[in-house]
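Peer 1: following is a predicted model, sequence given first.
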Amino acid sequence: MTVVCKHCGSMDTARVPRSGLWDFVKYVADRFPYRCRSCSFRFYSTTRTIKKGPPPVHKATIEVRAATERELTAMLLALSKAVEAAVEQKSKVPQ
């Protein structure tokens, strides 16, 4: 079972070390500390191990500026081709 963040719903979570009395009390009650890698929210779950789920979704924001519309179109076309090539290359790599 994949541990899902109770704050943002991301499956990109990781077990974190116990620290302090409260974590020990939770440990005795079969609750284990996790931290979401997406939103950094710390929470407890009864699941001890994380089985591999779908890979986390990586988001990026890109700001593109150009002097003319023609330059902008050329940049966006080049960016689109680069992304397609990267996706194609990644799909060819055996996992």
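Peer 2: Arrived safely.

Peer 1: can you give me the helices in this protein?
Peer 2: Counting by DSSP state H, the chain has helices at residues 20-28, 69-92.

Peer 1: list the neighbours of the shortest one that are in contact with it.
Peer 2: With contact meaning CB atoms under 8 Å, 6 or more residues apart in numbering, helix 20-28 is reached by 18, 32-33, 44. For every residue, glycine as well, the C-beta is placed using N, CA and C.

Peer 1: next, the buried residues of the lowest-mean-pLDDT helix or strand in the chain.
Peer 2: Every helix and strand of the chain was ranked by mean pLDDT, DSSP states H and E. The lowest is helix 20-28, at a mean of 81. Buried residues in helix 20-28, counted by 16 or more other CB atoms under 10 Å: residue 23.

Peer 1: any idea which residue of this protein is furthest from its center?
Peer 2: Going by CA atoms, centre = their mean, the residue of the chain most distant from its centre is residue 68, 35.7 Å out.

Peer 1: separation between that residue and residue 75?
Peer 2: Distance of residue 68 to residue 75, given as CB to CB, to the nearest Å: 11 Å.

Peer 1: no more questions from me, cheers.
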